[in-house]
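Peer 1: show me the folded form of this:
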Amino acid sequence: MSDARTPAQIEADIVRRREQLAVTLDEIGIRMHPSTIVGDAKARVASTVDETLGRAYVSVNRVVSDVKARFTDETGAPRLERVVPAALVAVAVVGLLVSSSRKSKR
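Peer 2: As a prediction, this is how the structure comes out:
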């Protein structure tokens, strides 16, 4: 029994491999096209920005929750013993900044 292929089989093999090669070359052409490279870079940057913003949001949300927990009780009512001193400090800081900026303008 012979494993020899017929000329028709060889030709069909060549046609099939040529088609595979054409598909591969098309894929390479698409991947190497400048618009594809730019699009991929934009997608990576957008992904990185989204990830960074997501982490920042989680961090800020955690800080806000911590501050809220310090200035409110379990029912959500303000803890005046903590709110009033913080408000006075904030007013004092703003007052110092305003008076400082007025002095520097003269």
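
Peer 1: and for V83, the neighbour number?
Peer 2: 13 (other Cβ atoms under 10 Å). In short, each C-beta sits where N, CA and C put it, glycine included.

Peer 1: what comes up buried for the one helix or strand it maps to?
Peer 2: Per DSSP states H and E, V83 falls inside helix 80-105. By neighbour count with 16 or more other Cβ atoms under 10 Å, helix 80-105 contains no buried residues.

Peer 1: can you classify V63 by secondary structure?
Peer 2: Three-state call for V63 (DSSP: H, G, I helix; E, B strand; the rest coil): helix.

Peer 1: from D13, how far off is it?
Peer 2: The gap separating V63 from D13 is 66 Å, by Cβ to Cβ, to the nearest Å.

Peer 1: sorry, back to before: so what secondary structure elements neighbour the helix holding V83?
Peer 2: Contacting helix 80-105 under the criterion 3 or more Cβ pairs under 8 Å, 6 or more residues apart in numbering; DSSP states H and E are the following elements: helix 34-71.
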